[in-house]
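S.K.: Let me see the structure of the following:
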Amino acid sequence: MLTIRRVTWMLATFMIFSVLCSMAGHGRQSGSKPGLEGQKKVTVELDEFFQKQLREFGLAAIGACIVKDEKIAWSGGFGLADIENKRPATPGTIFAVGSVSKVVTLAAFMRLWERGKCALDDDVSRYLPYPLRHPRFPGKPITIRTLLSFTAGIFDVDMKAGQNRLSFLEETRDPTISAAEALKEFLVPGGRNYSEDNFLATAPGERYAYSNSSYSLIGHLVERLSGRPFWEFCRQEIFAPLGMDDSSWRLVDLRRDRYAYGYLREAGRMKKKEPTIWPGYMDGGLRTTAKDFGHFLAMMIGQGTYAGMRVLKPQTVDAMLALQNPPGAPAGREFPILGRGFVWILSQVSDRRIFQMNGFGPAFFAQVYFDPERKTGGAFFTTGEYASFAALGTAVTRILTTMIDATARM
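M.R.: Now for the predicted structure:
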């Protein structure tokens, strides 16, 4: 999440797959056996490719990894994580990933769901400290499934106006109020920020509308069902078993000496953006490394298991990826969208069917994907401001296809 919530850029999260500083790479790593000429060639090609992207798009830093056969096959860091201090990006550099965070929030919730803590079609009000109702359809419950599939009828991202309607809650310090309080003020009658206009004209379950606060509610549900703060639950039950040692949600836990700062172009110069957070950070506040997230992707490829450690049951992963195909969801163009699970989007890229998700703000971009059939995947994170949506679309298409092609030759 960011000033992530500078909203014209928030829109691109939905548009990228519909429309679709030169620094040497530091600390490159490969999971393949050394001495293999093919692997060396691909590694050199990837290094050269990412260095070129830095120059062409005027980016500050890039972090990337490729997963193959449930292991990190390659990872790299390029450019400068901190321009002012000339600190280079490495495979261990921490990036903001925006709405990619939602796939982790989903996994955290599903870990509790598979323990029988709730059912997907339960009324979410059953688990909240206040009733949550669509004011125009109070007799139709907002279920957990509608939150997970973006069909709850909550209106917090105004696509036409280019407005994230909760952006005013973003701060550069950790929140002093809870997600429960912030969401109540927006969604429950009597709240300071409540309005019937915070909901769509359609009933819950009837229409797709991308919603950040839906996943803030899911994160809060994790807290209610587990009895632990969301950040703590993720640290203990997701990050620790997956070896995601450099991943965190709270600003107090962020290693700023390893963080890739976002940058905007102002008056022809790169201007550093400080990391921000809001009380409902579960929707987009994750900071992680490409390698850490590679472990998460390897877990998804492994049907819930990574390095012998089971995080989710296979049937739980299947439930996460089962196509919901909510009415009104946008279709893809450059990469056709074949369907939508919970958060994960099934897209056609050349001859591949991949599950993917992206997220970003004006000063960063993040893309993750995996191919369960071929047991491959990858992630790339960038900082810096793209010149236009068209430039961003070109970059995403080029990087994604290059990484998939490189994976096939490893």
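
S.K.: And the strands in the stretch 1-150 of the chain, which stretches?
M.R.: Here the stretch 1-150 of the chain has its strands, by DSSP state E, counting those that start in this stretch, at 26-30, 61-68, 71-82, 87-88, 94-96.

S.K.: Which among the ones you listed is found nearest to residue 119?
M.R.: Within those, the stretch nearest residue 119 is strand 61-68; the backing value is 32.1 Å (C-beta to C-beta). (Glycine included, C-beta is placed from N, CA and C.)

S.K.: ok so, going back, turn the strands of the stretch 1-150 of the chain into CSV, including mean pLDDT.
M.R.: Below are the strands of the stretch 1-150 of the chain laid out as CSV (pLDDT from 0 to 100):
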stretch, mean pLDDT
strand 26-30, 46
strand 61-68, 98
strand 71-82, 97
strand 87-88, 98
strand 94-96, 98
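
S.K.: Same list as before, those strands that is, but in a markdown table and with distance to residue 169 and mean neighbour count included.
M.R.: Converted to a markdown table, the strands of the stretch 1-150 of the chain look like this (distance: least, C-beta to C-beta, whole Å; neighbours: other C-beta atoms under 10 Å):
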| stretch | distance to residue 169 | mean neighbour count |
| --- | --- | --- |
| strand 26-30 | 36 | 16 |
| strand 61-68 | 27 | 28 |
| strand 71-82 | 27 | 25 |
| strand 87-88 | 30 | 17 |
| strand 94-96 | 17 | 29 |
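
S.K.: quick one, domains of the protein?
M.R.: Here the domain parsing of the chain from automatic domain parsing is 7-101+230-408, 107-226.

S.K.: And those, which one averages the lowest pLDDT?
M.R.: Of all the domains of the chain, mean pLDDT reaches its minimum on domain 7-101+230-408 (a mean of 90).

S.K.: Tabulate the strands of the stretch 1-150 of the chain (TSV), appending distance to residue 363.
M.R.: Conversion of the strands of the stretch 1-150 of the chain to TSV gives the following (distance: least, C-beta to C-beta, whole Å):
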stretch	distance to residue 363
strand 26-30	21
strand 61-68	11
strand 71-82	13
strand 87-88	17
strand 94-96	8
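
S.K.: Residue 206 is nearest to which of these?
M.R.: Comparing the strands of the stretch 1-150 of the chain against residue 206 with C-beta to C-beta, the closest turns out to be strand 94-96 (33.2 Å).

S.K.: my read: residue 59 touches residue 381, true?
M.R.: No. Checked against C-beta atoms under 8 Å, the pair residue 59 and residue 381 is beyond contact range at 10.5 Å.

S.K.: Between these two, which has more neighbouring residues?
M.R.: Of the pair residue 59 and residue 381, residue 381 is the one with more neighbours under other C-beta atoms under 10 Å, namely 31 against 24.

S.K.: gap between that one and residue 109?
M.R.: Separation of residue 381 from residue 109 (C-beta to C-beta, to the nearest Å) stands at 24 Å.

S.K.: before we move on, what about residue 202?
M.R.: From residue 202 to residue 109 the distance is 24 Å (C-beta to C-beta).

S.K.: of the two, who's got more company?
M.R.: Per other C-beta under 10 Å, whichever of residue 202 and residue 109 has more neighbours is residue 109, with 28 against 17.

S.K.: so what's residue 91 closest to, chain neighbours aside?
M.R.: Excluding its sequence neighbours, the residue lying closest to residue 91 (C-beta to C-beta, 6 or more residues apart in numbering) is residue 75, at 4.1 Å.

S.K.: All the helices of the stretch 101-250 of the chain, in order from the start?
M.R.: 101-113, 144-148, 179-187, 212-226, 230-234, 240-242 (DSSP state H, counting those that start in this stretch).

S.K.: what number of residues lie near residue 331?
M.R.: Close neighbours of residue 331, defined as other C-beta under 10 Å, add up to 9.

S.K.: Surely it and residue 337 touch.
M.R.: Yes. Under the criterion of C-beta under 8 Å, residue 331 is in contact with residue 337, at a separation of 5.4 Å.

S.K.: In the stretch 301-410 of the chain, mark out all the strands, start to finish.
M.R.: Taking DSSP E, counting those that start in this stretch as the criterion, the stretch 301-410 of the chain carries its strands at 305-306, 309-310, 337-340, 345-349, 352-361, 364-371, 376-383.

S.K.: quick one, what contacts residue 95?
M.R.: Contacts for residue 95 (C-beta atoms under 8 Å, 6 or more residues apart in numbering) come out as 61, 63, 259-260, 287-290, 364, 366, 381, 383.

S.K.: Please tell me how far it sits from residue 59.
M.R.: Taking C-beta to C-beta as the measure, residue 95 falls 12 Å from residue 59.

S.K.: overlap in contacts of the two?
M.R.: Listed contacts common to residue 95 and residue 59 are residue 383; contacts here mean C-beta under 8 Å, 6+ apart.

S.K.: Go ahead and confirm residue 231 touches residue 252.
M.R.: No. Under the contact definition of C-beta under 8 Å, residue 231 does not touch residue 252, with a separation of 9.6 Å.

S.K.: These two: who's more crowded?
M.R.: In this comparison of residue 231 against residue 252, neighbours counted by other C-beta under 10 Å, the higher total goes to residue 231 at 21 against 10.

S.K.: ok, now which ones touch residue 219?
M.R.: Residue 219 makes contacts with 105, 108-109, 179, 230, 280-283, as judged by C-beta under 8 Å, 6+ apart.

S.K.: does the residue nearest to it when sequence neighbours are not counted count as helix, strand or coil?
M.R.: If you skip the residues right next to it in sequence, residue 219 has residue 282 as its closest partner in space, 2.5 Å away by C-beta to C-beta, 6+ apart. For residue 282, the reduced secondary structure class is helix; criterion used: DSSP: H, G, I helix; E, B strand; the rest coil.
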